[in-house]
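Student: What shape does this take:
(chains A, B, C and D)
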Number of protein chains: 4
Amino acid sequence: MTPTPAREDHFSFGLWTVGWQARDPFGDPTRPALDPVEAVHRLAELGAWGVTFHDDDLVAFGSDEGTREKQITRFREALDETGMVVPMVTTNLFTHPVFKDGGFTSNDRGVRRYAIRKVMRNLELAAELGASTYVFWGGREGSETDSAKDVRAALSRYKEAMDLLCEFVLDRGYGLRFAIEPKPNEPRGDILLPTVGSALAFITSLEHSEMVGVNPEVGHEQMAGMNFVHSISQALWQEKLFHIDLNGQRGPKFDQDLIFGHGDLLSAFFLVDLLENGGPSGAPAYDGPRHFDYKPLRTEGIDGVWASARANMVTYLLLKERAAAFRADPEVQAALTASKVGELAVPTLDEGEGYQQLLADRSAFEDFDLEAAAGFSYGFVHLDQLAVEHALGAR
Amino acid sequence: MTPTPAREDHFSFGLWTVGWQARDPFGDPTRPALDPVEAVHRLAELGAWGVTFHDDDLVAFGSDEGTREKQITRFREALDETGMVVPMVTTNLFTHPVFKDGGFTSNDRGVRRYAIRKVMRNLELAAELGASTYVFWGGREGSETDSAKDVRAALSRYKEAMDLLCEFVLDRGYGLRFAIEPKPNEPRGDILLPTVGSALAFITSLEHSEMVGVNPEVGHEQMAGMNFVHSISQALWQEKLFHIDLNGQRGPKFDQDLIFGHGDLLSAFFLVDLLENGGPSGAPAYDGPRHFDYKPLRTEGIDGVWASARANMVTYLLLKERAAAFRADPEVQAALTASKVGELAVPTLDEGEGYQQLLADRSAFEDFDLEAAAGFSYGFVHLDQLAVEHALGAR
Amino acid sequence: MTPTPAREDHFSFGLWTVGWQARDPFGDPTRPALDPVEAVHRLAELGAWGVTFHDDDLVAFGSDEGTREKQITRFREALDETGMVVPMVTTNLFTHPVFKDGGFTSNDRGVRRYAIRKVMRNLELAAELGASTYVFWGGREGSETDSAKDVRAALSRYKEAMDLLCEFVLDRGYGLRFAIEPKPNEPRGDILLPTVGSALAFITSLEHSEMVGVNPEVGHEQMAGMNFVHSISQALWQEKLFHIDLNGQRGPKFDQDLIFGHGDLLSAFFLVDLLENGGPSGAPAYDGPRHFDYKPLRTEGIDGVWASARANMVTYLLLKERAAAFRADPEVQAALTASKVGELAVPTLDEGEGYQQLLADRSAFEDFDLEAAAGFSYGFVHLDQLAVEHALGAR
Amino acid sequence: MTPTPAREDHFSFGLWTVGWQARDPFGDPTRPALDPVEAVHRLAELGAWGVTFHDDDLVAFGSDEGTREKQITRFREALDETGMVVPMVTTNLFTHPVFKDGGFTSNDRGVRRYAIRKVMRNLELAAELGASTYVFWGGREGSETDSAKDVRAALSRYKEAMDLLCEFVLDRGYGLRFAIEPKPNEPRGDILLPTVGSALAFITSLEHSEMVGVNPEVGHEQMAGMNFVHSISQALWQEKLFHIDLNGQRGPKFDQDLIFGHGDLLSAFFLVDLLENGGPSGAPAYDGPRHFDYKPLRTEGIDGVWASARANMVTYLLLKERAAAFRADPEVQAALTASKVGELAVPTLDEGEGYQQLLADRSAFEDFDLEAAAGFSYGFVHLDQLAVEHALGAR
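Tutor: Below is the predicted model:
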């Protein structure tokens, strides 16, 4: 009855997700380290298609060149044996104490230079492994007090770093696109580029903005109380949804990184509907990886790790089935029409109409039947209840 | 000991603020209607410089032409008598039931056309009164269920309306600039363009994006848990801070519209420091109106209304004094240097340096003294405590 | 496929829910007034069992005695005709401006006396109509500034009022129990007794605490980020769940009063499981009214009002089916055992064991196999995924 | 100009505060371990009066008896040398993986027994060191999914543990009082007894409830959007404020543990006013330790650690000065009278008045001048502005 994940579903996982040892701010690790090679094999068996990583997930920070090469070779072999791909790679600019005031925007210029170099080194590896997306999560770019961070200067430095790295990738012909991952806070009190919107705005300032998009994460956006479906819709509308991080969160609190669907289930339903069906627009909206960035609960042993990896995929597939049924249901289609949902795709102006014509149209204002329009019953309750019933598998 | 507001402080108030009759979702009005003419006179006496309004604040919705002209004439006379200016005007696209599913993005096309016409009519008046900014708060543009709103289509309609209105204003030579006011929710469950970032991103899609900026409101941004100083900094960095709404809020809850400083006082201190002193950047950052968009508490009679209007201005001026002392304090200047706050304004790359040179600089990576940089004590605590002590008037 | 609500499901609605005219802080009403008699008939037809009201819902504030009697008579007739019952009644101490600083805790002693009298008058009616529960929602008991409210004195006055009203009801032999409804904020900046916990604590201070319990509302508790299932569990554990208000909310923001299940769907699933099945404890936990306190969306006409009333009940019944299947599933039962969920019902001490015995038990500490216990995999992921799949109707 | 902390101010610090090595969920430690002996000496030099600890702060978990005794001896010597006292002690039931599903409420009975034993061992030490308060922070008592925790059974186990420990302390004659510290979430998704209110309610269920109170923490309560001054007021009113944790937080997000006053400054002002002056009630409300439970920013070296310790105390003392001036200001006293703040301390009923008399008093209802009472202007704006100006040191 529950669907089986398969390669063509394009599910991918970060090494740091299944590999999380469950250290949290108040507790020691509850699980041993997981060999990335083991992770690749087990994820492949479960039906995943890709694996992603931070540089330090694959090769421990500070390893010598020999260790590094050996680890990369073992990883490549695992990929070859399993057919797993590496669709995305990213950099760890947050664990080492050197980044305690940020990477690209640290007050310390030496740290900023070091951070860019660390990224460049890993971009080379990403290109070698065939990744198409490189993610930037600036978790340490931020502050706890407004006295200590010149935010405008910080944004200039952020731009400087991104511009340089774009140029590097373009010159090298790596074929990588960049995706910025917003987050409002944690570990910093306030993180720069806190929401999808602020990242989209920042991107327009870049020299090579065409190659930079966003990597929104369900939980990060919900930590700010944002409607994730709205955020993704704006990213799509601005043609900047380059990658996505799926997980769960239960409102504004610490970053929970729950299994996809184990947070706001109804929002997850509408998200899958948007990605797979384009929502009311009616065409698939996103064809990139379905990437899970979550943490297996700290209460679990390694069996729970694999159960949680599978749970992400199964829940996604179940919601995909529910969303397909929702769109196919004639009662839903009738309700969409009654609610004029499709009418919003019709331009407000007639073809060729300008403001003069609109001003001259007395039916638009002077003779507009205000009371009739005000009295229209939109029928959103009926539509939403149909969605809830489809989500519950009751239709 | 408390400062006295004066015209040169450029304080302005919405007619709807002092004129709020204190109806709330659970209660009837506690104050009688306030004549806009009375509001202009009293605000002028208190030291305000400007007054702003929604079309329906000045002339009741549905008034005939004669009433409208008469009311505008009375209002103009009050302006003339007091010397008050009208720096900003806006439209009410939210009170009448016709806008219950939005103005520019209602599913009902007729409503969208009507909304644009309502704005055009008021733009003419704004221009006549010499306003330089026209604000768009799309409080009804949004949804309660993702099933009923095609957000991508909605953004296209939003853009269509803004593009048309830009063209109208440019053709008419009104000299107005537009400012979009973001808000995350209330009255809609989720409002489109919920934060400063999302509005900034949307603006870049417009045909005449150069004439469109943002009008951030303290409380709206804090309802999403955003750091308002960060949001304003990004708006300034993107040269889009066209106007500002000052008030107070106590975290993510209903829109409180408290008096400026009566919410997050420390954030208000840093905000005034940013606007007046440019924060650490050192040059005034904003020279537009200091506009208060707040609500006098429902417990107050008309005396409390005027007390609250004055309180906004006095608190602003007190914080301005505190911020000036903070910047002038040699101990603060030494602490800023110790914390390398100014170093963030120094480009990360040397002049003319590209990625090749950076790659070749072994001191940036291979020979970088990681432990020294990691061990640096930034001194942010000392700096923040100096700020707190200045805010408390203790230095 | 969707279940049909029936009287034996014990669904009840407030007159103010279906009767809400959709005035909100930024908008005028979108619907005409609804006659309570009409409401009773339509709700009965939809399968509801009971109807509840504030005094002013049934009889407009300030009506003369004749009007009042007539309105009550008409209402009684509707009850008789439909068989609908009145399980709960409550008082409006929030709409009239006189209550702008509270009812029982207004700084104005005259208002406090008036408020108690208003309640007493309506208690008489509640008793006449056979209500068994009387709810106190102190929405105006609170403050916007800590300078203006002596909270300890306010709690003393709150207690004074409750004690007096308990005595009144006991002396009159009305057989009513009281239920306090907590809410963290809105319309006041901060409301007294903000959560279920604070109300439970307050109740223990009352003279007749045995007759006072709580009336938790889904959305109110979620506005404070509380886990509603936990809150209800504590109320049950303290034997104080006297009534419940079902609706939906999407996190800390204004009070949305959405349809039940249209907010946090997974939490709604577990709530129904708790009420109907007792959760893991295995016995029905609550046999009182399933009372809906929600608002039909402002976009809807009267058809949407009735659709929304029905949607509340259908969603509840669907979740009841899902929860029953979850509890009946042998795989779930095995998972519960594996996760030791039932072991928590076993006392930590052996029968008759005291601290001396525990201290003497070396297996409890000195010889405890810490690593084995630390390494235990609890299996919560598997259990939660089973719950999600049952909620989605996929098992 | 800034005040100097002194022993008589009764400031205390947890060893875990200044000793925090700044490991966070995304980063490695930035500071070396701090010897508790060093901490005692430095805190004493800075003007602190007391030091507190978890068992594992003083003696590393798993140390043998010899190491333990030696460490305790060294610590005692430091206390003797400095005159520092140990007013409070607590237990770490959260760091070791064995507690991953809780201590007193773990689904695993063996863990529950072990947890109680761990507490008992440390209670003996607390008594030896002369502590008067023992704190229980149940940070791991909670869940991430409602499927896996029987909350009612958990509360029974919580009670069982507390009852046993009360008995142990009473029998031993330790003279300790218990204080439960609420927190809504983090590290668990939802923690049991999430707010001051829920803890107060739980306490009433205990066998020896008279010896159990609460230890509210500023940030924990603000993570749930609670007004901390209200929460403390209720705890005082119920005579259960046994201890307090002072720090700072910026709204619902991860637990920031900022310096006191570096979060919500205005709330900190009113808190100090309540503790020191009793707020409007006019008598000191709390005479226990002023205990700081905060974390020095991760960006700081050891100099920043001591700067932050001092900053907590200085800010408290500055606010104490501001609050004293506020209460002494005749204009404030006049405003309090005008706002009827003191009138709330007057019983609503006349002496000897019962409900019959109130019913007979026509002036209370039938002849009550509703419009006059409704029209009263409470003057809260004026009062709040006076408070803000005093906080800013402007009066």
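Student: From now on I want contacts and neighbour counts done on CA atoms only, so please keep to that.
Tutor: OK.
Student: Surely A:Phe365 touches B:Ile116?
Tutor: No - using C-alpha atoms under 8 Å, A:Phe365 is not in contact with B:Ile116; the gap is 9.3 Å.
Student: So which of those two has more stuff around it?
Tutor: When neighbours are counted by other C-alpha atoms under 10 Å in any protein chain shown, A:Phe365 and B:Ile116 differ, and B:Ile116 comes out ahead with 23 against 20.
Student: and the helix or strand containing A:Glu45, which residues are buried?
Tutor: If you go by DSSP states H and E, A:Glu45 is part of helix A:36-46. For helix A:36-46, burial by neighbour count (16 or more other C-alpha atoms under 10 Å in any protein chain shown) applies to A:Pro36, A:Val37, A:Ala39, A:Val40, A:His41, A:Arg42, A:Leu43, A:Ala44, A:Leu46.
Student: what sits against the fifth one?
Tutor: Contact criterion C-alpha atoms under 8 Å, 6 or more residues apart in numbering or on different chains gives A:Ala78, A:Thr82 as the residues in contact with A:His41.
Student: what about it, distance to chain B?
Tutor: Distance, A:His41 to chain B, using C-alpha to the nearest C-alpha, to the nearest Å: 34 Å.
Student: Next, work out how far apart that residue and chain D are.
Tutor: 26 Å.
Student: swap in the first one?
Tutor: For A:Pro36, the distance to chain D under the criterion C-alpha to the nearest C-alpha works out to 19 Å.
Student: before we move on, what about the second one?
Tutor: As for A:Val37, its distance to chain D is 23 Å (criterion: C-alpha to the nearest C-alpha).
Student: got the contact list for that residue?
Tutor: Contacts of A:Val37 (C-alpha under 8 Å, 6+ apart): A:Arg74, A:Phe75, A:Ala78.
Student: Try it again at 6 Å.
Tutor: Neighbouring residues of A:Val37 by C-alpha atoms under 6 Å, 6 or more residues apart in numbering or on different chains: A:Phe75, A:Ala78.
Student: any idea how far it is from chain B?
Tutor: 28 Å.
Student: Nearest residue to A:Glu371 in space, ignoring adjacent ones along the chain?
Tutor: Spatially, and ignoring its direct neighbours in sequence, A:Glu371 is nearest to B:Val98 (7.3 Å; C-alpha to C-alpha, 6 or more residues apart in numbering or on different chains).
Student: Neighbours of the one you found, how many?
Tutor: B:Val98, neighbours per other C-alpha under 10 Å, totals 29.
Student: correct me, but it touches A:Ala372?
Tutor: No - B:Val98 is beyond contact range of A:Ala372, at 8.5 Å (criterion: C-alpha atoms under 6 Å).
Student: interface residues of the stretch 51-200 of chain A facing chain D?
Tutor: Neighbours of chain D within the stretch 51-200 of chain A, by C-alpha under 6 Å from any C-alpha of the partner chain: A:Thr95, A:His96, A:Pro97, A:Lys100.
Student: now with 10 Å?
Tutor: A:92-102, A:139-140, A:143-145, A:184-190 (C-alpha under 10 Å from any C-alpha of the partner chain).
Student: Now do stretch A:202-209: distance from first to last residue.
Tutor: Stretch A:202-209 has an end-to-end distance of 9 Å (C-alpha to C-alpha, to the nearest Å).
Student: and that stretch, is it in reach of chain B?
Tutor: Yes - using C-alpha under 10 Å from any C-alpha, stretch A:202-209 reaches chain B at A:Phe202, A:Ile203, A:Thr204, A:Ser205.
Student: Enumerate every residue touching the first one.
Tutor: Read that as A:Phe202. A:Phe202 is in contact with A:155, A:158-159, A:180, A:193, A:196, A:209, B:197, B:200-201, B:234-235, B:237-238, counting by C-alpha atoms under 10 Å, 6 or more residues apart in numbering or on different chains.
Student: Filter these down to the ones in strands?
Tutor: Judged by DSSP state E, the contacts of A:Phe202 include A:Ile180 as members of strands.
Student: Closest one of the contacts of A:Phe202 to chain D?
Tutor: If you rank those by distance to chain D using C-alpha to the nearest C-alpha, A:Leu193 comes first, at 16.6 Å.
Student: Contact partners for the residue lying closest to that closest one once chain neighbours are set aside?
Tutor: Spatial nearest neighbour of A:Leu193, excluding adjacent residues (C-alpha to C-alpha, 6+ apart): A:Ala199 at 5.1 Å. Neighbour list for A:Ala199: A:179-183, A:192-193, A:212-216, A:235, B:197-198, B:200-201 [criterion: C-alpha under 10 Å, 6+ apart].
Student: rerun at 8 Å
Tutor: A:Ile180, A:Glu181, A:Pro182, A:Leu193, A:Val214, B:Gly197.
Student: From chain C, how far out is it?
Tutor: A:Ala199 is 24 Å from chain C, by C-alpha to the nearest C-alpha.
Student: now that residue: how far from B:Phe202?
Tutor: 12 Å.
Student: Ok, A:Asp9 next?
Tutor: Applying C-alpha to C-alpha to A:Asp9 and B:Phe202 gives a distance of 32 Å.
Student: Please apply the same query to A:Leu129.
Tutor: From A:Leu129 to B:Phe202 the distance is 35 Å (C-alpha to C-alpha).
Student: A:Gly279 now?
Tutor: 20 Å.
Student: what about the longest helix in chain A?
Tutor: helix A:302-328 (DSSP state H).
Student: how about that helix: buried residues?
Tutor: Quick answer for helix A:302-328 (16+ other C-alpha under 10 Å): A:302, A:304-327.
Student: Same question for stretch A:249-267.
Tutor: Result for stretch A:249-267 [16+ other C-alpha under 10 Å]: buried residues A:249-267.
Student: Also near chain D: which of those residues, exactly?
Tutor: Contacts with chain D within the buried residues of stretch A:249-267, counted by C-alpha under 8 Å from any C-alpha of the partner chain: A:Pro252, A:Lys253, A:Phe254, A:Asp255, A:Gln256.
Student: Now do the contacts for A:Gly304.
Tutor: A:Gly304 touches A:Pro296, A:Leu297, C:Ser377, C:Gly379, C:Phe380, C:Val381, C:His382, counting by C-alpha under 8 Å, 6+ apart.
Student: Kindly report the same for A:Tyr286.
Tutor: A:Leu241, A:Leu275, A:Glu276.
Student: Give me the contacts around the helix or strand where the second one lies.
Tutor: So the one you mean is A:Leu275. In this structure, A:Leu275 sits in helix A:265-277 according to DSSP H and E. With contacts defined as C-alpha under 8 Å, 6+ apart, helix A:265-277 is touched by A:227-229, A:260-261, A:279-280, A:283-287, A:316, A:319-320, A:322-324, A:388, A:391, B:146-147, C:262-266.
Student: so how far is it from its chain's centroid?
Tutor: Helix A:265-277 sits 14 Å away from the centroid of its parent chain (C-alpha atoms, centre = their mean, to the nearest Å).
Student: coming back round to it: which of the contacts of A:Ala199 count as buried?
Tutor: A:Ile180, A:Glu181, A:Pro182, A:Leu193, A:Val214, B:Gly197.
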